[in-house]
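Asker: this one's structure only:
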């Protein structure tokens, strides 16, 4: 199976950026410990403090799909949904090679 790269974008509502950052910081550690997670980290835009990204790398699609169903992931999504001003924005990608 081919590795899968995930790019998740979160644009916080006005005055909610720190709450989004807190939610992201909480979900990263348990995700790092998951079977199939090769890498995960979070980033904040240097030009827009309300724009936060999560980038992760998974052994394969199945590993990421297991991650998406775990309790800490579901809690994170429920927590962050009312804090962002757009629908969930997650891109699954593979290197151009």
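Answerer: That came in fine, so what should we check first? Keep in mind that this is a model prediction, so the values were computed, not measured.
Asker: what about the nearest residue to residue 17 once chain neighbours are set aside, distance to residue 19?
Answerer: Of all residues not flanking residue 17 in the chain, residue 50 sits nearest, at 4.7 Å (C-beta to C-beta, 6 or more residues apart in numbering). (Each C-beta comes from the backbone N, C-alpha and C, glycine too.) Noted for residue 50: a distance of 11 Å to residue 19, by C-beta to C-beta, to the nearest Å.
Asker: and for those two, which residues touch both?
Answerer: residue 12 (C-beta atoms under 8 Å, 6 or more residues apart in numbering).
Asker: Contact partners for the residue nearest to residue 17?
Answerer: 11, 12, 13, 14, 16, 17, 20.
Asker: Wait, the last one touches residue 10, no?
Answerer: In this case it means residue 20. Yes. Between residue 20 and residue 10 there is a contact under C-beta atoms under 8 Å: 5.3 Å.
Asker: which residues of this structure fall in strands?
Answerer: For the chain, the strands defined by DSSP state E occupy 4-11, 37-44, 51-58, 89-93.
Asker: Mind listing the shared neighbours of residue 20 and residue 10?
Answerer: 52, 80, 83, 84.
Asker: Please flag which of these sit within helices.
Answerer: residue 80 (DSSP state H).
Asker: Number of residues surrounding the nearest residue to residue 24 once chain neighbours are set aside?
Answerer: Computed as C-beta to C-beta, 6+ apart, the closest residue to residue 24 that is not its neighbour in sequence is residue 42, at 4.7 Å. Neighbours of residue 42 under the rule other C-beta atoms under 10 Å: 17.
Asker: just residue 67 next, same as before
Answerer: Neighbour tally, residue 67, other C-beta under 10 Å: 20.
Asker: my guess is it meets residue 57, correct?
Answerer: No. If you go by C-beta under 8 Å, residue 67 and residue 57 don't touch, sitting 11.6 Å apart.
Asker: Local confidence estimate at the residue nearest to residue 17?
Answerer: The confidence metric pLDDT takes the value 98 at residue 50.
Asker: quick one: it from residue 81, how far?
Answerer: Residue 50 is 16 Å from residue 81, by C-beta to C-beta.
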